[in-house]
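**Student:** one predicted model, sequence on top.
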Amino acid sequence: MSSAETAAGPARAAAGTAGPLESPLKPRLMRIVEAWDETPDVRSLRLQPVDDGPPVRWLPGQFGEFSVFGAGEAVFTMANSPSRGEFVECGFRALGKVTWALRDLAVGQVIGYRGPYGNSFPVDSWRGKDLVFIGGGIGTVALRAPLQWVLDHRGDFGEIVVLNGARSVADLCYQKEMPAWAEVPGVHVVRTVDPGGETPGWDGEVGLLPAVFERLGLAPGGRIVVTCGPPVMLHYLFQSLEKLKFPPEDVVTTLENKMKCGLGLCGRCNVGRLFVCVDGPVFTWARMQTLPRDY
Ligand SMILES: Cc1cc2nc3c(=O)[nH]c(=O)nc-3n(C[C@H](O)[C@H](O)[C@H](O)COP(=O)(O)OP(=O)(O)OC[C@H]3O[C@@H](n4cnc5c(N)ncnc54)[C@H](O)[C@@H]3O)c2cc1C
Ligand code: FES
């Protein structure tokens, strides 16, 4: 297994919230204990189980099915690292039936959760290496859990660069948290917005993420690139990585194909012969190059 290969085994072993006689589709009830807006259209929730059962367990990169009763289920990545405490956070953009219904809920209300599902970021194989996190728009949500995990184990890793981009200043996720990330020794946070998206007084970069990444002049070798963003961003970022000769096995991303069951049962999320819900969602760029272009 290469340095940035996925860690499907432990993640699969951890999957599932139901007991042996319960349906694996049965959600666990979770209460919204905090809710806040990251951007005008991205909202974050903090959730805790309503019951006194075992704490929710997951690994950075895994996802869950979050249900609003009467509306349905939606898939979100767990946005926080398990090293931050026994609560689950998610960040979502309201764009359809479930996400709009979820946006209308308030602190104290109850939703459903099942998971954790999928594989996870191979954070253990990153020890001793430099890391670059490149998040575009809401894709940054998927990078927050591995980033928090790495920050919580800071001594195990080399230099860390966080490149966070969005269409406009208002659309940048985690603006309140970024200063704390940047204060950690050896962590460099670079913020960028698309040309035209800057506001008066903006002191970050202006430019599309692949171009800004190239301008940073980071060399490959002992450096892992962790990225998530819209397909068009990934397309051009992979071109930049190829130009800079980053080994495809040192580049890792997470796919967000449409899903239904999350359990490898319905076939909704397939890419070729793989089911993204169980074989992913985390893939190295090397592995993606072996897949049909369904992602
Ligand atoms: C592994 C994984 C992790 C994800 N993590 C997050 C996350 O952390 N935050 C977040 O906001 N979203 C995330 N998503 C996407 C999220 O699941 C969908 O946006 C959500 O299910 C939409 O539900 P809905 O009922 O509100 O929208 P729907 O009414 O189902 O759809 C509204 C519109 O969005 C489109 N759409 C729905 N799902 C997707 C998708 N997966 N990809 C592209 N277009 C889609 C539909 O075609 C439709 O046009 C993730 C998806 C996957 C598979
Ligand atoms: S979502 Fe059902 S098989 Fe992947």
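**Tutor:** Done, it's in. Residues are numbered from 1 along each chain as shown. Ligands and ions are numbered 1, 2, ... in the order given.
**Student:** next SSE downstream of the longest strand seen in the chain?
**Tutor:** Counting residues, the longest strand in the chain under DSSP state E turns out to be strand 28-39. Going down the chain from strand 28-39, the next helix or strand is strand 42-49, by DSSP states H and E.
**Student:** is whatever helix or strand comes next after that next one anywhere near ligand 2?
**Tutor:** Next along the chain after strand 42-49, taking DSSP H and E as the criterion, comes strand 63-68. No. Using CB under 6 Å from any ligand atom, strand 63-68 stays clear of ligand 2, with a minimum separation of 9.2 Å. Glycine gets a C-beta too; all of them are placed from N, C-alpha and C.
**Student:** just checking, what packs against strand 63-68?
**Tutor:** Here strand 63-68 touches strand 72-77, strand 88-93, helix 97-103, strand 110-117, going by 3 or more CB pairs under 8 Å, 6 or more residues apart in numbering; DSSP states H and E.
**Student:** one step back: now look at the longest strand of the chain and say if it contacts ligand 1.
**Tutor:** No. Using CB under 6 Å from any ligand atom, strand 28-39 stays clear of ligand 1, coming no nearer than 10.6 Å.
**Student:** same deal with stretch 133-148?
**Tutor:** Yes. Under the criterion of CB under 6 Å from any ligand atom, ligand 1 is reached by stretch 133-148 at 138, 141-142.
**Student:** can I get that stretch in CSV, CA atoms only?
**Tutor:** What follows is stretch 133-148 as a C-alpha-only set of coordinates in CSV (Å, rounded to 0.1, in the frame of the first residue of the first chain):
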residue,chain,number,x,y,z
PHE,A,133,-4.6,20.9,2.5
ILE,A,134,-6.4,22.5,-0.5
GLY,A,135,-10.1,23.1,0.0
GLY,A,136,-12.3,24.9,-2.5
GLY,A,137,-15.7,26.3,-1.4
ILE,A,138,-17.7,23.8,0.7
GLY,A,139,-15.0,21.2,-0.1
THR,A,140,-13.1,22.7,2.9
VAL,A,141,-15.7,21.0,5.2
ALA,A,142,-14.3,17.6,4.2
LEU,A,143,-10.8,18.7,5.1
ARG,A,144,-11.6,20.1,8.5
ALA,A,145,-11.6,16.7,10.3
PRO,A,146,-8.2,15.5,9.1
LEU,A,147,-6.8,19.0,9.6
GLN,A,148,-8.0,19.1,13.2
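**Student:** same question for that stretch, mean pLDDT?
**Tutor:** In this model, stretch 133-148 carries a mean pLDDT of 98.
**Student:** flag every buried residue along that stretch.
**Tutor:** Neighbour counts over stretch 133-148 (16 or more other CB atoms under 10 Å) mark 133-148 as buried.
**Student:** again, but for stretch 105-116
**Tutor:** By 16+ other CB under 10 Å, the buried positions in stretch 105-116 come out as 111-116.
**Student:** now do stretch 283-295
**Tutor:** Neighbour counts over stretch 283-295 (16+ other CB under 10 Å) mark 283-288, 291, 295 as buried.
**Student:** and for stretch 215-226?
**Tutor:** Across stretch 215-226, burial judged by 16+ other CB under 10 Å covers 218, 223-226.
**Student:** before we move on, back to that, any chance of TSV for the helices and strands packed on strand 63-68, columns mean pLDDT and distance to V162?
**Tutor:** Formatted as TSV, these follow (pLDDT from 0 to 100; distance: least, CB to CB, whole Å):
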stretch	mean pLDDT	distance to V162
strand 72-77	98	17
strand 88-93	98	16
helix 97-103	97	26
strand 110-117	98	24
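**Student:** closest to E38 out of those?
**Tutor:** Of all those, it is strand 88-93 that lies closest to E38, at 6.0 Å by CB to CB.
**Student:** what is that closest one packed up against?
**Tutor:** Against strand 88-93 (3+ CB pairs under 8 Å, 6+ apart) you get strand 42-49, strand 63-68, strand 72-77, helix 97-103, helix 140-152.
**Student:** and that strand, how far out from the chain middle?
**Tutor:** Distance, stretch centre to chain centre, for strand 88-93: 10 Å (CA atoms, centre = their mean, to the nearest Å).
**Student:** OK, now which residue of this structure is nearest to ligand 1?
**Tutor:** G96 (1.9 Å; CB to the nearest ligand atom).
**Student:** who's in contact with that residue?
**Tutor:** Going by CB atoms under 8 Å, 6 or more residues apart in numbering, G96 touches A74.
**Student:** next one: L263
**Tutor:** Contacts of L263 (CB under 8 Å, 6+ apart): 15, 24-25, 117, 277-278.
**Student:** for the residues you listed, pick the one with the most neighbours.
**Tutor:** Within the contacts of L263, C277 tops the neighbour count with 28 neighbours, counted by other CB atoms under 10 Å.
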